[in-house]
Structures are given as structure tokens and as C-alpha cells.
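[1] I would like to see how this sequence folds:
(chains A, B and C)
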Amino acid sequence: MSTTETVTSRTLKGKDLITIGIFSAIYFAINFIFMLMGGIHPILWIMMPGLIALFTGVPYMILASKVQKPGAVLILGLITALIYYVTGMFTVVILITFASACVLAEVVRWAAKYKSFTGNTISFAIFSVGMIGSPLPLWLFKDSFFAQISGQGISADYLSVLNSLANDGMLVVMVLAPVVLGIVGALIAKTLFRKHFAKAGIV
Amino acid sequence: MVDIRNVSFGYSHAKDTLKNIDLHIDAGECVLLCGRSGCGKTTVTKLVNGLIPHFTENGHLEGRVLVAGMEVAKTELYELSRRIGSVFQNPKSQFFNLDSDAELAFGLENIGASPAYMRKRLNATVQELKIERLTHRGIFSMSGGERQALAFGSVYAMNPDIYVLDEPTANLDGDSVAVLRRQLGEIKHQGKTILIAEHRLYFLTNIIDRAVYIENGEIVRIYSREEFLSLSDAQRIRMGLRTLRADALRATGLPAQNDGHVLEVSDLCCEIRGNCVFDHVNFSAGSGEIVGITGNNGVGKSTLMRCICGLAKEKSGSILFDGRRLTPKQRNRACFCVMQDVTHQLFSDSVWNECELSAGEEGGPEIEAVLRAFDLFEYRDAHPMALSGGQKQRLAIACGVLSGKKILVFDEPTSGLDYEHMMAVAGIIRELAQKDHIVLVVTHDMEFLNCVCDRTVALAFNGKEA
Amino acid sequence: MAEKGKRGTQELRLDPRTALLLLLFVTIVVFSHGSPYVEFALIAALLCLFFCCGLFKSGLKFILVFVFLLALQYYIFPVAPKIFADFFSILTFYTRKVFPCIMIGTFIVKTEPMRYLILAMRKWHFPQKLVIPLSVTLRYFPAIREEIVYIRDAMKLRRVTGAAKVEAYIVPLMFSAASTAEELSAAAVTRGIENPAPKTSVIELHFRMRDYICIICGLLFVVAALWLR
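    Got it, this is the predicted structure:
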């Protein structure tokens, strides 16, 4: 008679990959909605990374809890980036910020040994900063950006509004928003965990 | 072919789900695993296809399982899957791809078979299982029965030696069950070994060689086919098993006649995306009546129910309550629907709060009474999603009762239920009718229909009343 | 994906690898030029591609949208109330800039079934650890939509108000996702998805003359764009 104890391995297995795929779909859907909303007004665009962070806390934290192995966040990021890329909506700048954010987030998770809520929260905040690559060109390439859009019938008033927004103060706000709102998003997730997901046993 | 030796297994260390299981299955045999809900038959199937131990965390397993010469605990799942094919009960979550051709080839591609071999197998699969109508289609456009037939086809294409099926007909209608029966006959004819855990027994009577009755995780008795078929109804009911015979529909079609509320569906026609789902549907139902709506998948039963509940707009015709025509929004307020997949309609964090959502915050004593009646009072602080399937269903029904709405619609309330739970639901529904609700039940479960419904409205193929 | 939209027929479709390469080229061109000539030429070339592959309706829609964008920028915004211009200027500018990317993206979605794109990635040796989750993500999008419809229906029959509504959407969605993950994985691993051996494919990919033509044209555009900076 033999006794077998099931052991959890450190590598990503079929179930993990499929779990990552499903929650990536949810993450992407929410991300996409806010991406579209960001096109409506400059303020929404600048706050987009923050708003996304606020609402994607739940799927991210559930994923982090279900797949406590290296690579989950990286793959989540890659999938998001790939889908955006294939549908023609990702620029090089976003790719760089997003990739670095994903890698850093993974490192944080690994350092926190995957189980700690604080660790996952920090990792989520960092991960969410990845989206700043979308409004970032406003500051990085300010001159060429303004040169390009002024040639396309945009009013001088609007340009001055944009100019006033594209200052250093707003840059700080833009970068900090996903961090702060990311923490809030993770806290929301924690409440929902306690109320629902952990209570029902799925995490 | 299958050798389970003195196996005990528990999902947690506290409790054993299976105790001292000894089972030996020869090649070419078809063995049925039956018993009440929760008896452990699904767990036995997982022993055979390797989900235990490779797919479960924190479980502990004692004993040995050998399948097709492989020791399950020591062989990787992908190796096991070459010889063991598995079909599960939920058609919505078994498919990996978006189109049916890719799904059929899925297993073969994972094995790394050559394109020539794959083409040969796929052609054979389509021909031998007669599933031409399933090819070249998007899976999201398929019905549940079609998806399940596709799942079977995908496993068949891999040509395993042994098929393990876990309640494959739980969500299927009569026609789809017949298709599955045919498919099982085909593989039995080819000499394959079949292990099937099921509640619904009537379609298996000619295929099984033996029946294993499991209770509380132990094998109580193994019957030969003759012994099993000669069980009397009384014995079968004591064992908690469903009927062994295909029941014919017995309810009649008399018109409603009473003096309570009346729901009238008059010349109703519904469309989805420009295609007519059904038209000229007429029937009425009164307080205290239980009307069964039958018909195969795709015929429009769900659309009809959604329309009555105000979730879909009618194209023409009308729905009248006590003589007054109701708009969709008014129908929302007048009707409650217990859906087939109850998880979409449970929103709260505890059973009690879920009931409060329907009854309002002052409904304390009423809620307690209903929960006690439904055998859920001890779970009042539990999270709805932590309940078993049958308990969730009873909770949804409880919410319907507490909502005070007069028109109650049940969509497949007995899919996957064992005999006792099915009878419990039937009892609840009869009580609801006695309390003057108008009850509509959409179901293809003949056994259930016959013991619960006063009348049936059968929707035939193109949505007209039969 | 391609099942739903109007689909290029078998004979008129490109190899998925060509389509993905074109996407790469278009992205490079879009972000490295400043001249409207390149922009118009690129859009015209893409329209040719659309029409050659049978996507007439989509092609026409894109023409209309582009004309509309130009009209907005040069005729409407200058005379419209400031609020209007404020809100939509950036959106219009950005949409126009990435217009070719959206075109080629739409082209891929409409003509290449998911199966072919996944196969292209496999041929390019994308790691399985990426391909499998990606396939699942794509497969789950329509499921999300189905779920939301069911949840919304259920909410209509019960009294769920205000802020509780958001919770009422998210919670069942997550539970459903978790249980689908569980069931789908069981169905996938019992059909050998974890097999480390290279996966084969029933369908085969071949480059044809049209693929070479498209790739060469794409390269020409890239060279032109970089040269004209």
C-alpha cells in the first residue's frame, strides 16, 4: 500500500496557464474600456492608468492568489500587450513602461514569497504604473507632439489648455495615480476577498 | 484494464471521501457508478483518469490505481490521456477553442500526431459519430447538447482505450441524451472500456455490464446488468436512484380554469437578431397551476421564458396578467426566474443576506421560516457559492418565494439532481402552487415532469405549440 | 473572431505570419514618419489589401471614418464650440495617427481565425507558456459577454440598487471565472495539453506569391518612411 501526498510544484502547469488566460481576459476587458474612455478628454487620458488600477485590483489579486508561482504577472502583461499590439493600439513607449513594470512586479512577488497581501499590493501598484506609457509621450516628446497636433486643426485655446496640463505637477499626479489608486484597488479586492471569495473558498 | 486496489482518498486530511475502494474492470466492459449526490462516484472517476492525484492539491491518497498497465499516481496526465479519454458534465467549459474543427483536433495536436494521421482520425471521427453538422462551426453558436457531442468527438478522435464520463447528461435534453447513447453504443461496439458516473440511468440500460452502487464513499454492492435492471421501484427509490425506464409524458393539455390570477400568453412571437424563434404561441396558466414547458434545445423554451419574465421583448402578441397587458418592465416585477445556472443570480455574501435581498430587511421571521422549510437554516451564514449545487438551487427558489412574486418560472431545476433532491424540488414546487403562485417549469426531465406538472405545453420544432 | 465578422474566403486570405509581419511594418511606419503623403499612401495600400481579400464593407467603412476624421479636424473643430473641440480633439488626432494600425488590426481579426494566429506563433517558437494562456484569453472573451448578459438578466428580476450593482456584476463574474478555469483545465489536461513534445497541427501554413508581394510592399513602406524622416 502506498500513500501519495500531492505536492505543489514551482513551475507553471496547465491549470495555472489556463487560470492566467482567463483572468487576463477579464483584466484586458476592463483595461480596454478605460483605454477607450481615455480618448474622450485629456483629463481622463491622464488619469487612465489610475482608473484602470482602481478597477482591475480584483482580477489581479485573485490571479495572484490562485497562481502563487513566478511568471503569472509577466504572462498577464505580455498577453495584454500582445492583444493591444495585434489590434494596432500599442506604441513603443507603452511597451517599454509596461514591460519594465511587469518585470518589477514579478520581482516584488517573488521577494514577498507570493503569499503576503502587502507584497501583492505593492506588486499590483507597480504593475499598474506600466500603463503610464500611454499619456507619457505628452511629456516626453512634448515639442514634437505639439508640433504634430497643431498642424491638424486644433484650436490655440485647446493647445494652451493642454500645455498647462502637461507640466511637471501633472506628471507627478499621473505617475502617482496608479500607485495610490492601485493600493485602493487592492484594498477593495481585500474586502471582497473577505466578504466573498475567501469565504466561499475559491482563493 | 482498470484496477483500483484498496484506495482511500480525502480532499482534506480531516475526512475521507472514499474508503477502501476495490474495483476491477475488464477491457471492453461498461461499468456504471451510481448513488446519491455526494456519494463519491465523481471522485472514483477522477481516480481513474488521473485528476487524482495530479490535479488536486492537498489531497491524500492511499492504495494503488492501475489503468491500462500504467500506475496512475506515477504517470503524467498527458501520458495517461493517450489511453484514457475523459468527458465532463458542463458543456460550457470543456472546449478550449473557438471553432469546432480546432476542438476536434485538439487532443491529437497535443499528442504530436502527424498531419496525415490526424486527418484520417478526424474523418473517421466525423463519419463514425455522425457529427457532420458539428463541423466548420463556431462553438459559441452551438447549443449545450451540440457542445457536449463535440466534446465527446474530441476525445473520440484521440482513440483512447478507456472512456471515463462524469455525469455527461447532467445538462442535456432528451435528444442530446439519445445522441450520447448512440455514441456510447458505437465505442462499446469497438470494444472500448467505459466507466460512467451518472444520475440519469434510463438511457444506459442496454449498454452497461455492471453497476456499482456507492454510498458514503464505499462500494456497497456491485450489480450485474440483470440484477440491476430487476430492481423494483421501491428498492431503487430506497437507494436514491432515478428511474431505469424511459418515461413517456403523461400530463395532459387541459385549459386552465380557476378563479385566482391568470397569466395569458396570446399569439406570442419572438425574434432574435431577425430570426423568428417562435410564433403564435398561446397558452394560459392560473394560480395554483404547474405548467410544464417541454421541447428540445433550440426550440425556443428559454426565449419564451425570458420573454414572459420581461427579459426579452416580444415581436408581436401579448402577455396578459389578470387581463391587463404587461410591458417587459412590469413583467420583470411580476416574475421570478430560477435559472438553470444559479450562480449568476446569487449576489450576496451569506444565505441570510441573499434572502434579505428578496424579502427586504424586515422579513426576518419570514426568512427564517422559508430557510427552515428548505433545509438551509443551518447554512444561513454560509456564503451562497460555498453551497452544493442542490443547495444553491433551493436558495434561489427560496429567494423566489420570499420575493412575493406571483409568477415563478423554473428553468431546468433538476439538471444533475439525484432522486431524493429531485423529489424535494418537486415537493417545493407543489407547495408553491398550493400557495397560489403560477408556476411554469421548463424541463426535459420526464420523470420530474410526470410527478409535478398538471399540464404541459410542448413546443415543437419551429416554436409552435404542439 | 473571424467567424463572426465578414471573412476573407480561403483563397483570398494571407498567411497569418504575413499578416502579423504587416502589422509590425505598419506600426514602424506610423510611428516614424511625419508626412501626410506616406500616411495617405499607406491607407490607400491597406485599402487595396482589404478589397483584394473581399472585405468590401469594412473597407468602405474605413474610408468613411477617415474622411469623417479629416472633416472633423479641418472643417468642424475650427467652427464648433470650444467644449466640443476640447473633448474630441485629442481623440481625433490620435485615431487618425494610428488609423493604419487599426486597419491592419481589423484585417487580422476579420480574416485570420484564432487557430491560424496561434499556429503562426507556434511556428515562430513563441513559448507554450505564452501561447496557451493567450489562446484561453481569446477564447474567454465571448464567454465574458455571455456571463454579463446572464447577470444583467438576473439583476433585472431582483432589486439591486446603486453601488451594490457593481459588486453584483464583479462577484458572480469572478466566481464563474474561477469555476471555468477549474473545469476547462481538467478538460484540457486530460487531453494532453501539458505534453512537452512539440504540438503538431492539422492545418498547414504556406507562403504564397501574395504573401511575398505584401511583405515586399511592407518593407518598401518602412524604408520610405525611415528615409523621408
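[2] Show me where chain A has its strands.
    Along chain A, the segments classed as strands by DSSP state E run A:3-5.
[3] What's the first helix or strand after the lowest-mean-pLDDT helix or strand in chain C?
    Every helix and strand of chain C was ranked by mean pLDDT, DSSP states H and E. The lowest is helix C:82-97, at a mean of 74. As assigned by DSSP states H and E, the chain's next helix or strand after helix C:82-97 is helix C:99-111.
[4] Show the pLDDT at residue 165.
    Since no chain was named, I'll use chain A. With respect to pLDDT, residue A:165 scores 70.
[5] oops, I was thinking of chain B
    95.
[6] wait, what's in contact with it?
    B:45, B:86-87, B:194-198 (Cβ atoms under 8 Å, 6 or more residues apart in numbering or on different chains). For the C-beta atoms, the positions are set from N, CA and C on the backbone; glycine is no exception.
[7] Now for the residues you listed: which two are most distant?
    Within the contacts of residue B:165, B:86 and B:198 form the most distant pair, 14.4 Å apart (Cβ to Cβ).
[8] out of these two, which sits in the busier spot?
    Ranked by neighbour count (other Cβ atoms under 10 Å in any protein chain shown), residue B:86 and residue B:198 place residue B:86 first, with 27 against 23.
[9] which stretch of helix or strand covers the more buried one?
    For residue B:86, the host element (DSSP H and E) is strand B:84-87.
[10] residue ranges with poor pLDDT in the stretch 251-400 of chain B?
    Applying pLDDT under 70 to the stretch 251-400 of chain B picks out residues B:251-259, B:297-299.
[11] which residue ranges form the strands in it?
    B:262-272, B:275-286, B:290-294, B:316-321, B:324-325, B:335-338 (DSSP state E, counting those that start in this stretch).
[12] and the angle for the fourth one with strand B:275-286?
    This points to strand B:316-321. Strand B:316-321 runs at 20 degrees relative to strand B:275-286, counting by axes from the mean of the first three to the mean of the last three Cα atoms, to 10 degrees.
[13] Adjacent strands (with direction) for strand B:316-321?
    Partners of strand B:316-321 in the sheet, by DSSP bridges, are strand B:262-272 (antiparallel), strand B:324-325 (antiparallel).
[14] Let me have the ones you listed in CSV, adding mean neighbour count and distance to residue B:12 as columns.
    Below are those laid out as CSV (neighbours: other Cβ atoms under 10 Å in any protein chain shown; distance: least, Cβ to Cβ, whole Å):
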stretch, mean neighbour count, distance to residue B:12
strand B:262-272, 18, 46
strand B:324-325, 10, 55
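[15] What are the boundaries of the helices in chain A?
    For chain A, applying DSSP state H gives helices covering A:14-37, A:42-66, A:72-86, A:92-111, A:117-129, A:137-140, A:142-150, A:156-165, A:168-192, A:198-200.
[16] wait, isn't residue A:184 in contact with residue A:55?
    No: the pair residue A:184 / residue A:55 is not scored as a contact, 10.2 Å apart, by Cβ atoms under 8 Å.
[17] what about residue B:380, how many neighbours?
    16.
[18] Over to it: give its phi and psi.
    Main-chain torsions, residue B:380, degrees, to the nearest 10: phi -60, psi -20.
[19] before we move on, what about residue B:164?
    Per degrees, to the nearest 10, the backbone of residue B:164 is at phi -120, psi 120.
[20] That one reaches residue B:44, doesn't it?
    No: at 9.4 Å, residue B:164 does not count as touching residue B:44 under the criterion of Cβ under 8 Å.
[21] Select, out of the helices of chain A, the one closest to chain C.
    Nearest to chain C, of all those, is helix A:14-37, at 2.7 Å by Cβ to the nearest Cβ.
[22] and the closest one, does that touch chain B?
    Yes: using Cβ under 8 Å from any Cβ of the partner chain, helix A:14-37 reaches chain B at A:14-15.
[23] and that helix, what other elements does it pack with?
    Counting by 3 or more Cβ pairs under 8 Å, 6 or more residues apart in numbering or on different chains; DSSP states H and E, the packing neighbours recorded for helix A:14-37 are helix A:42-66, helix A:72-86, helix C:128-156, helix C:162-189.
[24] Would you mind finding the most buried of those helices?
    Mean neighbour count (mean count of other Cβ atoms under 10 Å in any protein chain shown) peaks for helix A:42-66 among the helices and strands packed on helix A:14-37, with a mean of 24.
[25] What helices and strands are in contact with that helix?
    Short answer (3+ Cβ pairs under 8 Å, 6+ apart): helix A:42-66 packs on helix A:14-37, helix A:72-86, helix A:117-129, helix A:156-165, helix A:168-192, helix C:82-97, helix C:162-189.
[26] Quick one: mean pLDDT for that helix?
    Mean per-residue pLDDT for helix A:42-66: 90.
[27] about what we covered before: now the helices and strands packed on helix A:42-66 in JSON lines, with distance to residue B:135?
    Below are the helices and strands packed on helix A:42-66 laid out as JSON lines (distance: least, Cβ to Cβ, whole Å):
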{"stretch": "helix A:14-37", "distance to residue B:135": "25"}
{"stretch": "helix A:72-86", "distance to residue B:135": "27"}
{"stretch": "helix A:117-129", "distance to residue B:135": "42"}
{"stretch": "helix A:156-165", "distance to residue B:135": "55"}
{"stretch": "helix A:168-192", "distance to residue B:135": "43"}
{"stretch": "helix C:82-97", "distance to residue B:135": "40"}
{"stretch": "helix C:162-189", "distance to residue B:135": "20"}
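[28] Lowest mean pLDDT across those helices, which one is that?
    Mean pLDDT values for the helices and strands packed on helix A:42-66 show the minimum at helix A:156-165, a mean of 67.
[29] what residues are up against whatever residue of chain A ends up closest to chain B?
    When scored by Cβ to the nearest Cβ, chain A has residue A:200 as its residue closest to chain B, at 3.8 Å. By Cβ under 8 Å, 6+ apart, the contact list for residue A:200 reads B:383-386, C:175.
[30] Residue B:312 too?
    Counting by Cβ under 8 Å, 6+ apart, residue B:312 makes contact with B:270, B:272, B:303, B:306, B:328.
[31] Nearest residue to the last one in space, please, no chain neighbours.
    Taking Cβ to Cβ, 6 or more residues apart in numbering or on different chains, and ignoring the residues beside it in sequence, residue B:328 has residue B:310 as its nearest neighbour in space, at 3.8 Å.
[32] before we move on, could you check phi and psi at the one you found?
    Per degrees, to the nearest 10, the backbone of residue B:310 is at phi 80, psi 10.
[33] my read: it touches residue B:337, true?
    No: the pair residue B:310 / residue B:337 is not scored as a contact, 9.8 Å apart, by Cβ under 8 Å.
[34] what about these two, which has more around it?
    residue B:337 (27 against 23).
[35] For that one, give me its contacts.
    Taking Cβ under 8 Å, 6+ apart, we find residue B:337 in contact with B:305-306, B:309, B:311, B:400, B:408-411, C:157.
[36] And for residue B:188?
    The contact partners of residue B:188, by Cβ under 8 Å, 6+ apart, come to B:28, B:30, B:194, B:207.
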